[in-house]
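**Student:** Build me a model:
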Amino acid sequence: MPEQPEPSQTPTVGGADAVAPRPRPSRRPVKAVLFDFHGTLAQVEEPLEWVLKAAATCGVTLDRVKATILADRLLTAGRAGGPMPARVPPRLAEHWSARDLYPHAHRAAYTGLAETVDAGIDGLADALYERLLLSEGWVPYPDTAPTIAALREAGIRVAVVSNIGFDLRPHFDAWQLTELVDAFVLSYEVGRCKPDPGIFLRACGMLGVDPEETLMVGDSPADAGAAAAGCAVLVLPAADPGRENGLGAVLDIALPT
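**Tutor:** Predicted coordinates:
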């Protein structure tokens, strides 16, 4: 007799042996989006321009080669909005730990780090810090305004949630983006820093939405701390000044199709 074929081990679709698809976790529709600032909505100006313009305010014109070398040394020492410092001197440790909670600590930490680099220019450390406080010292990403505008047009509320030691509102005023933001939740004002869930819960309270209806968008593990508050999280890679960083993905998630 010919051999009988073995029964198929593949479950029949819709039959008794079929494996039911695992249900996806459901979330409520997005009613609010929280945005990190640095690396998400805007980037600090190029290091070379930062140094050249700060030196100019001190009455010094640097050639580009010297300015490039100086910028590299300052980045290694630690720049606000730049890489973490290679080393924080013990005398600055207290200011460093409190930099995002108190404006004076933020200034003292970053001017102190800049002063560890001998630039030979009086007042340069303060001039470098002052660039942070000017809208010209930052470059909004090209997709920042269109993304926020599309959210607001769809009735979705928007907040900026930032670990920072100075007021960001003048920057948004200068960029004509203030009317698109419902709330600014700044660590030095609310006394909480990301990834503490409290800062995200505070933002949701200010917007009048539940965390389960909220999407947090950022570029770092600190921003992902919003998950502990019950928010959905989207982490995007930071981009260089003037480059798009993928913010359009927010609209794919937040806006109904």
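
**Student:** in the stretch 101-250 of the chain, which spans are helices?
**Tutor:** Using DSSP state H, counting those that start in this stretch, the helices of the stretch 101-250 of the chain run over 103-115, 124-132, 144-153, 169-174, 187-190, 197-207, 221-224, 248-254.

**Student:** Give me the mean pLDDT for stretch 34-42.
**Tutor:** With pLDDT averaged residue by residue, stretch 34-42 scores 96.

**Student:** gap between the two ends of that stretch?
**Tutor:** 14 Å (CA to CA, to the nearest Å).

**Student:** Likewise for stretch 181-191?
**Tutor:** So stretch 181-191: terminal residues 21 Å apart, CA to CA.

**Student:** Please apply the same query to stretch 213-227.
**Tutor:** Stretch 213-227: ends 12 Å apart by CA to CA.

**Student:** residues of it that come out buried?
**Tutor:** For stretch 213-227, the buried set under the neighbour-count rule, 16 or more other CB atoms under 10 Å, comprises E213, T214, L215, M216, V217, G218, D219, S220, D223, A224, G225, A226. For every residue, glycine as well, the C-beta is placed using N, CA and C.

**Student:** on that earlier part again, tell me which of the helices of the stretch 101-250 of the chain lies nearest to A93.
**Tutor:** Between A93 and the helices of the stretch 101-250 of the chain, the tightest spacing by CB to CB is seen for helix 103-115, at 9.3 Å.

**Student:** so the closest one versus helix 124-132, what angle?
**Tutor:** 130 degrees (axes from the mean of the first three to the mean of the last three CA atoms, to 10 degrees).

**Student:** Which positions within helix 103-115 qualify as buried?
**Tutor:** Buried, per 16+ other CB under 10 Å, within helix 103-115: A105, H106, R107, A108, A109, Y110, T111, G112, L113, A114, E115.

**Student:** any chance of the helices of the stretch 101-250 of the chain in TSV, with distance to T68 and mean pLDDT too?
**Tutor:** As requested, the helices of the stretch 101-250 of the chain are exported to TSV (distance: least, CB to CB, whole Å; pLDDT from 0 to 100):
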stretch	distance to T68	mean pLDDT
helix 103-115	16	98
helix 124-132	15	97
helix 144-153	28	96
helix 169-174	26	98
helix 187-190	32	98
helix 197-207	37	98
helix 221-224	30	96
helix 248-254	33	94
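
**Student:** mind checking which of those is nearest E49?
**Tutor:** Among the helices of the stretch 101-250 of the chain, the nearest to E49 by CB to CB is helix 124-132 (9.0 Å).

**Student:** Which residues outside the closest one are in contact with it?
**Tutor:** 44-45, 50-51, 53-55, 57-58, 60, 74, 79-81, 107, 110-112, 114-115, 137-138, 166 (CB atoms under 8 Å, 6 or more residues apart in numbering).

**Student:** run the last query once more with 7 Å
**Tutor:** Contact partners of helix 124-132, identified using CB atoms under 7 Å, 6 or more residues apart in numbering, comprise 50, 53-55, 57-58, 80-81, 107, 110-111, 114-115, 137, 166.

**Student:** Going by residue numbers, what spans are strands in the stretch 1-150 of the chain?
**Tutor:** 32-35, 42-44, 138-140 (DSSP state E, counting those that start in this stretch).

**Student:** if you compare those strands, which one is most tucked away?
**Tutor:** Each of the strands of the stretch 1-150 of the chain was given a mean neighbour count from mean count of other CB atoms under 10 Å, and the largest, a mean of 26, is that of strand 32-35.

**Student:** Tell me the strands beside it, with direction?
**Tutor:** Strand pairing for strand 32-35, determined by DSSP bridges: strand 157-162 (parallel), strand 214-218 (parallel).

**Student:** List of residues touching that strand?
**Tutor:** Contacts of strand 32-35 (CB under 7 Å, 6+ apart): 41, 151, 156-161, 200, 203-204, 207, 209, 213-217, 226, 250, 254.
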